[in-house]
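A.B. asks: Quick check, what structure comes out for this input:
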Amino acid sequence: MRPIREISRVPISAAARILAVMVALSASALAASLQLANDPATGEPGKFAAEEIRREATARGLTLGDDATATHVRLTVEKEANAAAQSYRIRVGSEGGRRIITVRGADPAGAMYGGLDLAEAIRIGTLDSLKDSDHRPHLAQRGIKFNIPLDLRTPSYTDCSDAAQANIPEMWERDFWTAFLDAMARHRYNVLSLWSLHPFPSLVKVPEFPEVALNDVWRTRAKLDDTFSMAGNDMVRPAMLADHEVVKRMTIDEKIAFWRWVMQQAADRGIRIYFFTWNVFTWGAAGKHGITNDLGNAITKKYFRASVREMVRTYPLLAGMGITAGEGMPQAMDSKAKEAWLWETYGEGVRDALKGDPKREFGMIHRFHWTAQSEILDAFKDYPGRFEFSFKYSVAHMYSITKPPFIQPLLENLAPGRKTWLTVRNDDIYTFRFGDPSYAREYILNMPPADKMAGFYMGPDGYVWGRDFLERHPDAGPRPLVMEKQWYAFMLWGRLAYDPALPDSHFERILAARHPKASSSHLFRALQSASQVMPLITRFFWGDIDLKWFPEACLSHPKSKGFYTVRHFMEGISMPGSGVLCIRDWRARLAARKPVEQTTPLEIAAALDGSAAETMAALAELRETAKQDSELRKTVNDCEALASLGRYYAAKIRGACALALFDANGDKFEHAAALRHLGEALAHWKRYAAVRDAHYVPALYNRLGYVDITALTEKVAADLDLARAWKPGALKDDGKRGGTEKGFRK
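C.D. replies: A predicted model of the protein is given here:
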């Protein structure tokens, strides 16, 4: 039997119980005053870090002054020949009886990260215990994937959803981007990839095609549904355009000025921005000047080339573009023809722009999607800059196993000198707060080596990481950003990608500072245990892309299977590379009396129950404190919901296993056991629905349809009817097992 990675169990000692008190005491014991000196060489990133230090110092009651006892903090840039970009040193000493803490960044970004370390040390009460330390990034490029809903007329793949429609106005607000980019920098992300089917009409003016540029920002009032094509070819329907509202009045010149401002704000925080497109889509441009979606249309080709040229020229701070031989190209089309079209539009468009600025570096990232590496490289052999690839590392499910196997053929056949980005898709958890540093650390350490990997960007295709509009009873004021609501998870992935050596105790201190009256050890364990539910169930029940598996609801899109019944669990496959047996293979080994070396479905069920029990035990110590702490109360609710969901899946797996054995041997005891387990599953689902839906609303998702957890209770109950009527021998097994999209061709 292969052991399942267990949650680390740290004894909750008396000392651990008072960690929050220790943090508070150590914060109060900091030097009474602080003097801050920021070398102008640190630039805008240094200014951002300095402001963070001032903010934390003020919040902790430190005086910012220059008295004889003030701790002196210096942010500097000291370039060294062998220093890695973004690296920094912290040096602690004394001068004239005063304590001196110096951050020596290898560049402005390094100085900023070192300054943010000091701001955090003030917040968690460790400034006075800082020692000399050296820091360099484990992964040089750490990014966010963001499907951006710019406008009804220029959609992303996510736009036929409630989250996207709610967020269209937010994409044009400075307050949103200030908060978003600040949070990215604090968590050590330095790449933002913005994904759109066809963004150009909302972003640039193209002299040859003057009618294409769009003024104002539109959103539809038409009711959306789950019938949109998964190929993106009906994202803007006539009824949506006919019933639209203008959510912001802006000329195209004002839009350009706005996005130049966004890119400057990003650069001031050490963040580079890329725009990604799928192809060939012409939303917002089709029908103007003879533009169509036809790849053979010479006008369309000319339009794309000119639009790319204007993107590069209009936005000097744009780091690059990402491209896809996507769903807008016929799947049966020869990939050489696809790549020729992409080169003649995107490649030549970049070359046109750089003729006037030959020293500018402008990156191109080509996704592995329905075309082959050799044909891509042949088409783009004359690209004038950095040319890299992108690969869906865990397909759609980063919360599954920490070493997904799908990239191995790529790594073995990657062209010499080339690198790939990892698209780390989170289509597992949209609703809840969560965070398991052990899982994130292991996942990051298992990523490919630096000679083959350019970096990663993390994010969903089925949700929008803008402002959160799922909460049923939001607090007064603007809705929080998803990145603010799920701050702990974003922090874990960003910080550990920069430094995977950060220990769990560091994150526990951060939790203690955030919730000083709560037991940080219990909160740490509750979040970690609850966060195990999704990886455990997804490695057992595998649907590779997001429309095939949404673990929050045991659901796929109606065009796939819809709700997954107990029959589906018996027929399902486990994740490749997970070392987990699916139910049919488990049953076959039992029948053949073969040794079982892999993790069994029943062991997954036991692990799910164990995670739920750990979660609920930890929550018991937090409930009283949560009554006076709104965010903590919401965190407790989220963890409880995930625990109930874990128990549901545990009971359902046991029910499916028992029913599979009854199917094989007709044993009435197994039939009764299946009914008992499925009855327990129904009770757990009802609890899950009650907790979840007391705090969150149902929602329409672009890749799943309308998801209503309470309404799905009827489907959960139907498993009992299905099991009661089950006849032995009904479960067939032809030996075939579903697969996973390959994602790479030589």
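A.B. asks: give me every residue that touches residue 445.
C.D. replies: Residues counted as contacts of residue 445 (C-beta atoms under 8 Å, 6 or more residues apart in numbering) are residue 500. (Each C-beta comes from the backbone N, C-alpha and C, glycine too.)
A.B. asks: quick one: it and residue 488, what's the gap?
C.D. replies: Distance of residue 445 to residue 488, given as C-beta to C-beta, to the nearest Å: 20 Å.
A.B. asks: same thing with residue 557?
C.D. replies: 30 Å.
A.B. asks: Next: residue 169.
C.D. replies: Counting by C-beta to C-beta, the gap from residue 169 to residue 488 is 27 Å.
A.B. asks: Tell me which of these two has more neighbours.
C.D. replies: residue 488 (21 against 17; other C-beta atoms under 10 Å).
A.B. asks: Who are the contact partners of the more buried one?
C.D. replies: With contact set as C-beta under 8 Å, 6+ apart, residue 488 has these partners: 433-435, 507, 511, 527.
A.B. asks: can you rerun that using 10 Å?
C.D. replies: 433-437, 507, 510-511, 514, 523-524, 527, 531, 635 (C-beta atoms under 10 Å, 6 or more residues apart in numbering).
A.B. asks: ok, now which ones touch the residue most central in space within the chain?
C.D. replies: Nearest to the geometric centre of the chain sits residue 459, at 2.9 Å (C-alpha atoms, centre = their mean). Residues near residue 459 by C-beta under 10 Å, 6+ apart: 143-147, 192-193, 195, 398, 423-427, 465.
A.B. asks: Max pairwise distance over the residues you listed: which two?
C.D. replies: Spanning the widest gap among the contacts of residue 459 are 192 and 427, at 19.0 Å by C-beta to C-beta.
A.B. asks: Which single one of the contacts of residue 488 is nearest to residue 128?
C.D. replies: Once C-beta to C-beta is applied, the member of those that ends up nearest residue 128 is residue 510, at 17.4 Å.
A.B. asks: In a helix, the closest one, correct?
C.D. replies: Yes. Assessed by DSSP: H, G, I helix; E, B strand; the rest coil, residue 510 belongs to a helix.
A.B. asks: pretty sure it contacts residue 516?
C.D. replies: No. Contact criterion C-beta atoms under 10 Å: residue 510 and residue 516 do not qualify, at 11.5 Å.
A.B. asks: Settle it for me: which of those two has more neighbours?
C.D. replies: For residue 510 versus residue 516, neighbours defined as other C-beta under 10 Å are more numerous around residue 510 (21 against 16).
A.B. asks: quick one: that one and residue 103, what's the gap?
C.D. replies: For residue 510, the distance to residue 103 (C-beta to C-beta) stands at 20 Å.
A.B. asks: gap between residue 397 and residue 600?
C.D. replies: For residue 397, the distance to residue 600 (C-beta to C-beta) stands at 21 Å.
A.B. asks: and stretch 130-147, how far apart are its ends?
C.D. replies: Stretch 130-147 has an end-to-end distance of 40 Å (C-alpha to C-alpha, to the nearest Å).
A.B. asks: for the nearest residue to residue 213 once chain neighbours are set aside, what are its contacts?
C.D. replies: Nearest residue to residue 213 in three dimensions, chain neighbours excluded: residue 252, at 4.2 Å (C-beta to C-beta, 6 or more residues apart in numbering). Going by C-beta under 10 Å, 6+ apart, residue 252 touches 201-205, 210, 212-216.
A.B. asks: try residue 146
C.D. replies: Listed by C-beta under 10 Å, 6+ apart, the contact partners of residue 146 are 156, 158, 171, 180, 192-196, 273, 276, 457-460, 464-466.
A.B. asks: Among the residues you listed, which are located in helices?
C.D. replies: Secondary structure assignment (DSSP state H) places residue 180 from the contacts of residue 146 within helices.
A.B. asks: got the phi/psi numbers for residue 681?
C.D. replies: Dihedral pair for residue 681: phi -60, psi -40, per degrees, to the nearest 10.
A.B. asks: er, residue 35 I mean
C.D. replies: Note on residue 35: its backbone torsions stand at phi -110, psi 130 [degrees, to the nearest 10].
A.B. asks: what about the closest residue to it other than its chain neighbours, how many residues close to it?
C.D. replies: Nearest residue to residue 35, sequence neighbours excluded (C-beta to C-beta, 6+ apart): residue 70, at 4.3 Å. By other C-beta under 10 Å, 19 other residues sit near residue 70.
A.B. asks: How about the one 10 residues further on?
C.D. replies: The number of residues packed near residue 80 is 10, by other C-beta under 10 Å.
A.B. asks: quick one: contacts for the closest residue to it other than its chain neighbours?
C.D. replies: Closest residue to residue 80 apart from its sequence neighbours, by C-beta to C-beta, 6+ apart: residue 106 at 6.5 Å. Each residue near residue 106 by C-beta under 10 Å, 6+ apart is listed here: 77-80, 82-89, 114, 135-136.
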